[in-house]
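Student: make a model of this:
(chains A and B)
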Amino acid sequence: MAVSESLPLRPTPRPATAPSTWVFLGALAVFTLVVTVMASQGMISTAFVKTLGKTLCLMLAAVAMDVVWGYTGILSLGHMAFFGLGGYMIGMWLMYARTENIVAPALAQQPLPPTQDEIRDAIGSQIFGVVGASDFPLVWMFSHSLVAQLALVVLVPGLLALVFGWLAFRSRVTGVYLSILTQAMTLALALYLFQNDSGLRGNNGLSGLQNIPGYEQVPQATISLWFLWASALALALGYLLFAWVVSGKMGSVLRAVRDDEARVRFLGYHVEGFKLFAFTLTAVVTGIAGALYYPQAGIINPAEIAPIASIYLAVWVAIGGRGRLYGAAIGAALVSLLSSWFTGGGAPDINLGVYTVQWTDWWLVLLGLSFVCVTLFAPKGIGGLVDLVQARRVPDRQGDYGPDKGAKRQEEGRE
Amino acid sequence: MRRLFLALALCLFAPTAVVAQDLQSILQTHADEVADPGRRSVGVVIDDLLAAGLPNAPDFLAAWQDRDIVRDTADGRFYRAGRTSDGQITLIDLDTGAETMVPEDRVEEVRPNGGVRRVLGGALVRFRLSDPAPEVRREALTSIARRPDADQIEPLTQSIPDEPVAAIRAEKERLRNILIARFGETTEARVEAIEGLGGTVSSDARAALSQILETEERVAATLPDDVNVARILTPGEDISRVEAYGRLVDEGLAPARVSDAALRDALIAAIEDGTVAGVPVETLDTDAARRDAYVTLAEAGEVPPFVTEEEVDAALADHVFFAAYDEDDPAITDAARETLEAVDLRVGAAQTADLALDALSLASIYFLAAIGLAITFGVMGVINMAHGEFIMMGAYTGYVVQQFVPDYTLSLVIALPLAFLVAGAAGIAMERLVIRHLYHRPLETLLATFGISIALQQLAKNIFGTQARPLTAPGWLDGQWVLNELVGISYIRIAIFVLAALFLGLLLFILNRTRLGLEVRAVTQNPGMAASMGIDPDRINMATFGIGSGIAGIAGVAIGLYAQVTSEMGANYIVQSFMTVVVGGVGNVWGTLAGAGLIGVLQKLIESLNPSNTLAAQTYMILFIIVFIQFRPRGIVALRGRAAGD
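Tutor: Now for the predicted structure:
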């Protein structure tokens, strides 16, 4: 990105192609390649490939969360709701199409060929039998169409975020109040989906999502690799998108909103517009991440949307390091993988003589406490380690472009 | 055994009785009437038995009614029949219960006919209705209410004047009205009885009234004269056209419509060599194609033809649909309808009162859960996500105390202050160790306290297990305060209400009338200025946080009393509590009260609209709050001026 020469006092915009972006994308590519090779050699199980693929989706959600929280300063406790909504949208098509593939041949065995209505009724009673219904609710009206549902993956989280964000930002709800309000939205959504008559099968959720209609013959080992590639691609594209968004003038305004909203408003910027943009864009990307996550998980139910999930997302970002995209990605990967290692019984028990620490019981205690420690002692998170390394290379002098050590001098800025 | 006891009782009381009569002697006085009872003559015997007030008379009547009484032809005495074996029969003395064996042909059975047995049954009820023990009388009333019967009117009416207990008498009069309303002989008597039911809200009175008003939906070519019509049903409005036509079909007044299933079955039956009426089977995969094939079949006369919409319209127009009362007398149904309307109005009022009580108790629970938060979040501005865990901590404290102190009242007295201390100490520790360092970073306080919250929750799970632990309320808190059949509130909820009111008063007193409260308000408004006036902000913050957390602990004990104690109980209240504080207005105890009141009342109101679905109620409640914040971002009671901060 070219630096404008006519404005001497304008700071150098952070280029989207900062070294960290290339490092991250390179590492992602290498990782995908290694996993693909190892999986095709049978060195890692299909289940683990799926775990890795899911982790990539969570990383994408965390990167989005970092943009909305670390850069814009909105602690949203609702992004996992968008994640879940994306999953529900794709899940509806997966379930409909798969049930159709099962039901239609069975109906074709009857003396008369089935009509479209008969097929639809049979699919409906198959899907909604568990909640004592058989008719398709209105929200399923597009479920037969993959294209429509893919559009809904983007539209539903996007519209919800747009409406909610518009209402909240318009009335100047900020800070912790906004966090509580987003949490309330998430809780309302989860409670609504828990009802049987919500039209999305209540607390049964949608299941059997790991079977991709039309590819029943393809083994799960192959499908898990496809999804790993898709997730890696989505993460790469999402990362690039956000790296571009937070660089340049846009990124400067977002960071300024985070640091002092009132001052930015007085400078003539439409703060609400910027916040709404960041909130909605990240919601859409999170929805896409969810749409990739749940076919790998195989099942989605309202518990996944509960407020606690969104708080965990914030936890990952905080541990990884706010305000830097790679930090959020690292945090999400590290904590979610550690979490499944500890709760899955992978970690060895510690025998203290009088008491044996079983990590399945104590992992949450450790997580909670380590979280307190990170907040107190390392606000920059794991990403702060990078600063320690870089600090050695920053010149130890005062420049013209700000109070920080190592700020550039005017003559450097013109370059 | 019971009989023996009765006999024994009789022996004991016999000497003190003014007229030393036993059952046998009364029976002997009316020996002929007993041996060959007629519907009229038997009354004399029953009156005498009733007058004597013998305790074993009801048993005798029951045996008489069951044809268990025999007469010894040798001496003419009456006995209860026992086992028969080898031509011998066991006779049981009615007064003493002594058994004797006599040849079977020496006794003759007393065989009351159906009419007499009904009279006997009525007398039995009368005995139980005038029993000296109130419980027996209540029980008799309950059994009458369960199986109402025209024969019970007479004994019930007779027992009313002598009834000593006012409540039971009212109950008897009500029951009598119900019986007369349904089974009375004259229209006037029934109408009067129905009108007498107007002042009650009891469910059996309403059931009796709606039973009188029961209707049957019928159809006829013209409206018959001899029925008591409740209302005329218009097809398409009061009754769906499909249903109306279905009724015509059921009555045989119109040909049945061809259903989709019948259509399919007819087509399947008509398949010949892969075609139906000349159409290949494979093409029959749309409704239109199937109908065409069916029409072809119908024209060939193989299946009944379709009923067209015009035919349906004509059939519906030709008949009148109406609902007729089972009760033929319009005077009675009119009276019943009017009375039921009046009763429904009273029931509505009672239900509203009940709803108000429910809402009040829910509001006090929310208030109790949120009031600690109103101090830490509202006054100090600290987001404490672990607040719910302080509630849980208090509840577990109560549980642990009950393990050591078996007396529930005493354990409660110990648990309340102990819960305050435990949760307060935890709060102070958290404030010192964590929150103190984050006062200028509120969002990070949220996350740090959330970390503490999940750690505490898991810790509680590790210590106490995942299953719910009971926190038993003392006996005097059991049961409920009943106003009438519809309005009642359990004592625990009253206690929680009292506790909430107590804490409201205490907190207002501390904040507005004490030195500590003054310093708290000073520090929250301007810590720097307060410090320069000699107030130690650290100490005040610590004390404030301790009080707020301690109150959460007490709320935990109260909530644990009516809900179960689990490691997740706090998490269930945390979002609601924040909502309460935000809706009410931050920084103000009155605001929290208003918030709790609003949320409690609204939630109960929404629940009452759809009682089966509390999840929906909560959803709409939260949506309402989100919208509410749009219009009053600072809550109901917003602080103004400098106290508002910012």
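Student: how far away is residue B:467 from residue B:557?
Tutor: 19 Å (C-beta to C-beta, to the nearest Å). Quick note: C-beta positions are derived from backbone N, CA and C, even for glycine.
Student: flag the shaky bits of the stretch 301-450 of chain B, pLDDT-wise.
Tutor: Counting by pLDDT under 70, the stretch 301-450 of chain B contains low-confidence ranges at B:378-379.
Student: point me to the residue of it nearest chain A.
Tutor: Per C-beta to the nearest C-beta, residue B:448 is where the stretch 301-450 of chain B lies closest to chain A, at 4.2 Å.
Student: returning to what we had before: between residue B:467 and residue B:557, tell me which one has more neighbours.
Tutor: Shown here are residue B:467 and residue B:557; by other C-beta atoms under 10 Å in any protein chain shown, residue B:557 has more neighbours (28 against 8).
Student: contacting residues around that one?
Tutor: Applying C-beta atoms under 8 Å, 6 or more residues apart in numbering or on different chains, we find residue B:557 in contact with B:394, B:395, B:397, B:398, B:412, B:415, B:416, B:419, B:471.
Student: any idea whether it is helix, strand or coil?
Tutor: helix (DSSP: H, G, I helix; E, B strand; the rest coil).
Student: per-residue pLDDT, residue 283?
Tutor: Using chain A here. pLDDT for residue A:283: 96.
Student: nope, chain B please
Tutor: 80.
Student: what helices and strands are in contact with the lengthiest helix in chain B?
Tutor: Counting by DSSP state H, the longest helix found in chain B is helix B:330-373. With contacts taken as 3 or more C-beta pairs under 8 Å, 6 or more residues apart in numbering or on different chains; DSSP states H and E, helix B:330-373 sits against helix B:187-196, helix B:203-212, helix B:387-404, strand B:488-490, helix B:491-513, helix B:537-562, helix B:569-584, helix B:589-609.
Student: so which of these is nearest residue B:93?
Tutor: Among the helices and strands packed on helix B:330-373, the nearest to residue B:93 by C-beta to C-beta is helix B:203-212 (41.5 Å).
Student: which residues of chain A score low on pLDDT?
Tutor: Residues of chain A that meet the cut-off, pLDDT under 70, sit at A:1-17, A:391-415.
Student: center of it, which residue is that?
Tutor: residue A:61 (1.5 Å; C-alpha atoms, centre = their mean).
Student: wait, doesn't that residue sit right on residue A:81?
Tutor: No: between residue A:61 and residue A:81 there is no contact under C-beta atoms under 8 Å: 11.2 Å.
Student: what segments of the stretch 151-300 of chain A are strands?
Tutor: A:206-207, A:299-300 (DSSP state E, counting those that start in this stretch).
Student: can I get the ones you listed in TSV with mean neighbour count and distance to chain B?
Tutor: Listed next are these as TSV, based on neighbours: other C-beta atoms under 10 Å in any protein chain shown; distance: least, C-beta to the nearest C-beta, whole Å:
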stretch	mean neighbour count	distance to chain B
strand A:206-207	18	18
strand A:299-300	21	18
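Student: list the contacts of the residue nearest to residue A:306 when sequence neighbours are not counted.
Tutor: Nearest residue to residue A:306, sequence neighbours excluded (C-beta to C-beta, 6 or more residues apart in numbering or on different chains): residue A:190, at 4.9 Å. Contacts for residue A:190 (C-beta under 8 Å, 6+ apart) come out as A:81, A:302, A:303, A:305, A:306, A:307.
Student: for residue B:404, same thing?
Tutor: For residue B:404, counting by C-beta under 8 Å, 6+ apart, the contacting residues are residue B:411.
Student: which residues does whichever strand or helix holds residue B:62 contact?
Tutor: Residue B:62 belongs to helix B:57-65 when assigned by DSSP states H and E. By C-beta under 8 Å, 6+ apart, the surrounding residues in contact with helix B:57-65 are B:3, B:6, B:23, B:34, B:46, B:49-50, B:69, B:80, B:94, B:110, B:112, B:117, B:120-121, B:123-124, B:127-128.
Student: could you do stretch B:565-573 as well?
Tutor: Contacts of stretch B:565-573 (C-beta under 8 Å, 6+ apart): A:308, B:369, B:387-392, B:395-396, B:398-399, B:453, B:457-458, B:460-461, B:464, B:466-471, B:556, B:559-560, B:563.
Student: so which bits of it are buried?
Tutor: B:565, B:566, B:567, B:569, B:570, B:571, B:572, B:573 (16 or more other C-beta atoms under 10 Å in any protein chain shown).
Student: just the residues you listed now: which is nearest residue A:334?
Tutor: Out of those, the member with the shortest distance to residue A:334 (by C-beta to C-beta) is residue B:571, at 25.3 Å.
Student: what pLDDT does the model give the closest one?
Tutor: Confidence score, pLDDT, at residue B:571: 80.
Student: again with residue B:297
Tutor: 82.
Student: over to residue B:561?
Tutor: So residue B:561 comes in at 85 (pLDDT).
Student: and what of the one 5 residues further on?
Tutor: Residue B:566 carries a pLDDT score of 89 in this model.
Student: tally of neighbours for residue B:590?
Tutor: Applying other C-beta under 10 Å, I find that residue B:590 has 14 neighbouring residues.
Student: measure how buried whatever residue of the stretch 1-150 of chain B ends up closest to chain A is and give me the count.
Tutor: Nearest residue of the stretch 1-150 of chain B to chain A: residue B:146, at 33.3 Å (C-beta to the nearest C-beta). Counted with other C-beta under 10 Å, the neighbours of residue B:146 add up to 8.
Student: residues contacting it?
Tutor: Counted by C-beta under 8 Å, 6+ apart, residue B:146 has zero contacts.
Student: now it. Its backbone dihedrals?
Tutor: phi -70, psi -40 (degrees, to the nearest 10).
Student: what's the per-residue pLDDT of it here?
Tutor: 75.
Student: what of residue B:91?
Tutor: We have a pLDDT of 82 for residue B:91.
Student: could you look up the SS state of it?
Tutor: Per three-state DSSP, residue B:91 ends up strand.
Student: which residues in the stretch 51-200 of chain B form strands?
Tutor: Under DSSP E, counting those that start in this stretch, the stretch 51-200 of chain B gives strands at B:69-72, B:78-85, B:88-93, B:99-103, B:107-109.
Student: distance to residue B:201 and mean neighbour count added to those, as JSON lines?
Tutor: Shown next, in JSON lines, are the strands of the stretch 51-200 of chain B (distance: least, C-beta to C-beta, whole Å; neighbours: other C-beta atoms under 10 Å in any protein chain shown):
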{"stretch": "strand B:69-72", "distance to residue B:201": "45", "mean neighbour count": "20"}
{"stretch": "strand B:78-85", "distance to residue B:201": "45", "mean neighbour count": "16"}
{"stretch": "strand B:88-93", "distance to residue B:201": "48", "mean neighbour count": "18"}
{"stretch": "strand B:99-103", "distance to residue B:201": "53", "mean neighbour count": "13"}
{"stretch": "strand B:107-109", "distance to residue B:201": "50", "mean neighbour count": "13"}
